[in-house]
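Trainee: give me a model of this one.
(one chain, ligands or ions: 2)
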Amino acid sequence: MKDCIFCKIVAGEAPAEVVYEDERVLAFKDINPLAPVHILIVPRLHLATLNDLQPEHKDLVSHIFKVAIELAHKFKIDKGYRVVTNCGADGGQIIFHLHFHLLGGKVFDHNLV
Ligand code: AMP
Ligand code: ZN
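Mentor: Ligands and ions are numbered 1, 2, ... in the order given. Now for the predicted structure:
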């Protein structure tokens, strides 16, 4: 989608430190990391938010979580990590191209907010 920074990264038109890619998703390091490991897993398909997911996307969503688990192993955070998606402005979403944060390399407490 025009003017979407994550679409530009997916298209190779904007820089990113890519750590994984396949035909459906791209994963790259967050530019402003909030944990020692902070990776964004992004579908190549432009969907603005979690609310845009449809039944036809169920394989994509399970694939994203499979990639998250693989990256947790690769970056040696599989002992404990978080996968987070912010949905909508009130959910703290800033980039309106669906993405999942993979956060690890530190000990989180049980509080989500
Ligand atoms: P969210 O609040 O879930 O929309 O988070 C958007 C995330 O994207 C933030 O953690 C930003 O630091 C990150 N971000 C924004 N632009 C870029 C970029 N060009 N490359 C990598 N990460 C980015
Ligand atoms: Zn996009």
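Trainee: run the chain-centre distance for the longest strand that the chain contains.
Mentor: In the chain, assigned by DSSP state E, the strand with the most residues is strand 37-43. Averaging C-alpha positions (C-alpha atoms, centre = their mean, to the nearest Å) puts strand 37-43 3 Å from its chain's average.
Trainee: please renumber so the chain begins at 7
Mentor: With 7 as the first residue, the last one maps to strand 43-49.
Trainee: neighbouring contacts of it?
Mentor: 12, 15-16, 25-26, 30-36, 66, 70, 73-74, 77, 81, 83, 87, 103-111 (C-beta atoms under 8 Å, 6 or more residues apart in numbering). Where C-beta positions appear, they are placed from N, C-alpha and C, glycine not excepted.
Trainee: and the residues you listed, which are buried?
Mentor: 12, 15-16, 25, 31-34, 36, 66, 70, 73-74, 77, 81, 83, 87, 103-110 (16 or more other C-beta atoms under 10 Å).
Trainee: keep only the contacts of strand 43-49 that also lie close to ligand 1.
Mentor: Among those, proximity to ligand 1 is found for 34, 36 (C-beta under 6 Å from any ligand atom).
Trainee: please flag which of the contacts of strand 43-49 sit within helices.
Mentor: 12, 15-16, 66, 70, 73-74, 77 (DSSP state H).
Trainee: tell me the pLDDT of K72.
Mentor: At K72, the model reports a pLDDT of 98.
Trainee: no no, G110
Mentor: Listed pLDDT for G110 reads 98.
Trainee: partners of it in the sheet?
Mentor: Beta bridges link G110 to V43, Y87 when assigned by DSSP bridges.
Trainee: look up how far ligand 2 lies from V25.
Mentor: 19 Å (C-beta to the ion, to the nearest Å).
Trainee: V73 now?
Mentor: Counting by C-beta to the ion - V73 and ligand 2 are separated by 18 Å.
Trainee: no more questions from me, cheers.
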